[in-house]
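Colleague: quick one: sequence plus predicted model below, questions after.
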Amino acid sequence: MKVSPHRSWNPRRFDARAFAEAGGVLESEDSLASFDRLSAEIHADGEVGALVRWSVQGEIRPDAAGQSSVWMRLRAALDLPVGCQRCLGPVVVPLEVDRWFRFVADESTAEAEDDQSEEDVLALEPKPDLLALIEDELLMAMPLVPMHDVCPQPLLLSAGTVNGDEAASEVRPNPFATLSRLKK
């Protein structure tokens, strides 16, 4: 883990105010296995050895009222092997996050201001878990329906057809024709 000089930061109990006041920068590459919820998304044939690359940068900025506000930029990237919803094989989905967060005093203030502000608002207390935040943001960056652009295997569209071609030359009688004959 690469850290800003003169200070060690605990990502599990992240002191965002001190980090921003120090102009802190923190970068790391962590194993995907250390992120349980992301690891649960891996396709059975996917590689577990993927790396989550992330960095955070803190700063103090004045708000509209001239008061100093704590801000943090989060960047994270991961190539996640998930299941293709079309062919059910593994597909690697690149996930990227680049977001700014503004910190406020507590959870109730964050909840009240989050609905009214364009930026994401988080609470300074209790101290946030930075790795859980990274995992949350990457999970939200996942596509709803992951798929290959072109699946590597031919698709079995229904029983007896492959890519729309009839596998069997058997012709079935039209049920409506049978009904019309019964009607007469």
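Modeller: Thanks, I have it.

Colleague: name the residues that touch stretch 138-155?
Modeller: The contact list for stretch 138-155, computed with CB atoms under 8 Å, 6 or more residues apart in numbering, reads 35, 37-38, 41, 52, 76, 78, 80, 82-87, 89, 91, 93, 95-97, 162-163. Every residue, glycine included, has its C-beta placed from N, CA and C.

Colleague: ok, which stretches of the protein are strands?
Modeller: 2-3, 25-31, 51-62, 68-83, 90-104, 120-123, 156-158, 161-162, 165-166 (DSSP state E).

Colleague: so what's the residue nearest to Trp54 when sequence neighbours are not counted scoring on pLDDT?
Modeller: Spatially, and ignoring its direct neighbours in sequence, Trp54 is nearest to Ala76 (4.1 Å; CB to CB, 6 or more residues apart in numbering). Looking at Ala76, its pLDDT reads 98.

Colleague: which ones are touching Ala76?
Modeller: Under the criterion of CB under 8 Å, 6+ apart, the neighbours of Ala76 are Val52, Arg53, Trp54, Ser55, Leu95, Glu96, Val97, Ile134, Glu137, Leu138.

Colleague: list the contacts of Met72.
Modeller: The contact partners of Met72, taken as CB under 8 Å, 6+ apart, are Ala16, Phe19, Ala20, Val56, Gln57, Gly58, Glu59, Trp100, Phe101, Phe103.

Colleague: bridge partners for the residue lying closest to the third one once chain neighbours are set aside, pull those for me.
Modeller: Yep, that's Ala20 we're talking about. If the residues on either side of it in the chain are set aside, Ala20 comes closest to Gly58, at 3.5 Å by CB to CB, 6+ apart. Taking DSSP bridges, one finds Met72 as the beta-bridge partners of Gly58.

Colleague: same check, this time on Asp30
Modeller: Bridge pairing for Asp30 - DSSP bridges - gives Val52.

Colleague: can you report how many residues neighbour Tyr78?
Modeller: One thing to correct before we go on: residue 78 is Leu, not Tyr. For Leu78, the count of nearby residues is 24 (other CB atoms under 10 Å).

Colleague: quick one: contacts for it?
Modeller: Here Leu78 is in contact with Leu32, Leu38, Ala50, Leu51, Val52, Arg53, Pro94, Leu95, Leu138 (CB under 8 Å, 6+ apart).

Colleague: what do you get for Asp106?
Modeller: Residues in contact with Asp106 (CB under 8 Å, 6+ apart) are Ala123, Leu124, Glu125.
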